[in-house]
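1. okay, predicted coordinates and the sequence, questions at the end:
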Amino acid sequence: MRRKSAAVKVAYPAVLSALALVLVYISAVVPTGNWGVVALAGLLPAAAVVSVGLKAGFMCWAAVVIIAFLLVPDKFCVLLFGVLFGLYPMVKSLVERLREKPLEYLLKLAFFNAAFTVICLIMFAAVTASLPPALSGSLWVLYLAANVVFLLYDYGFSRLIAVYISRVQRAVH
C-alpha cells in the first residue's frame, strides 16, 4: 500500500477497531485470561500504526475505548485496554523513534509504571484478587514482577510487529 487513499486511511483503522472491540468484549466474558485477551487486542492499534500511521493508531484506540466503555460489561477490561494495552503501541512507536535503547527502555518503563499505578489505584481490589499470594503481600515485589513481565511483553510485542510487517501486511496490501 504505497499510496494510501483517504478511504483506506479511515477504513483500515475502523476494521481493526471493530476487531479490537470484539476482543475486549471477549475478555470481559471469558472466565480466565482476560489480561491476555486484552493484550491481544492491543496488537490491533499497532497494526493501524504500522499500516496507516500514528494518527490511525490513536483513532483505533479512541474508538475502541469509547465504544467498549458503552458496551462491555466488565469495565476493568476496558480500563486495561484504555490505559495500558491499547495505548502502548502508539507510545512504543513514539519512543522508538529516539533510537537510543537505554532511554527507550527508561521511557517505556516510566509509561508502564504510570499506567499500572492508575490501574491499581482505580481497581486495586480487582488487580490484587487476580494475583498469586506471593505478589499481593508487598507492593515493591508486585511492581518488580510487573516490570519484568512488561519487559517480556515488550519483547514479544516487537517480535509480533515484525511478523505482522513481514507476513500479514504484505498479504493484506
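-> Looks like it arrived, so ask away.
2. pLDDT-wise, which helix or strand of this protein ranks last?
-> helix 133-136 (a mean of 65; mean pLDDT, DSSP states H and E).
3. next secondary structure element downstream of it?
-> Using DSSP states H and E, the helix or strand that directly follows helix 133-136 along the chain is helix 139-163.
4. just checking, what packs against that following helix?
-> helix 43-51, helix 88-95, helix 101-129, helix 133-136 (3 or more CB pairs under 8 Å, 6 or more residues apart in numbering; DSSP states H and E). C-beta here means a position set from N, CA and C on the backbone, and glycine is covered the same way.
5. change it to 6 Å
-> Secondary-structure packing of helix 139-163 (3 or more CB pairs under 6 Å, 6 or more residues apart in numbering; DSSP states H and E): helix 133-136.
6. and the residue nearest the centre of the protein?
-> The centroid of the chain falls nearest to residue 85 when counting by CA atoms, centre = their mean (2.0 Å).
7. that one reaches residue 42, doesn't it?
-> Yes - applying CB atoms under 6 Å as the test, residue 85 and residue 42 come out as touching, 3.4 Å apart.
8. so where's the protein uncertain?
-> 1-4, 126-132, 134-137, 171-173 (pLDDT under 70).
9. try it again with 50
-> For the chain, the stretches with pLDDT under 50 are 1.
10. was I right about residue 90 contacting residue 59?
-> No - the criterion here is CB under 6 Å, and residue 90 misses it with residue 59 at 10.3 Å.
11. residues in contact with residue 39?
-> Counting by CB atoms under 6 Å, 6 or more residues apart in numbering, residue 39 touches residue 85.
12. how close does it get to residue 63?
-> Distance of residue 39 to residue 63, computed by CB to CB, to the nearest Å: 19 Å.
13. next one: residue 141
-> Residue 141 is 37 Å from residue 63, by CB to CB.
14. and those two? which has more neighbours close in?
-> Shown here are residue 141 and residue 63; by other CB atoms under 10 Å, residue 63 has more neighbours (18 against 12).
15. residue 17 is in contact with the more buried one, correct?
-> Yes - between residue 63 and residue 17 there is a contact under CB under 6 Å: 4.2 Å.
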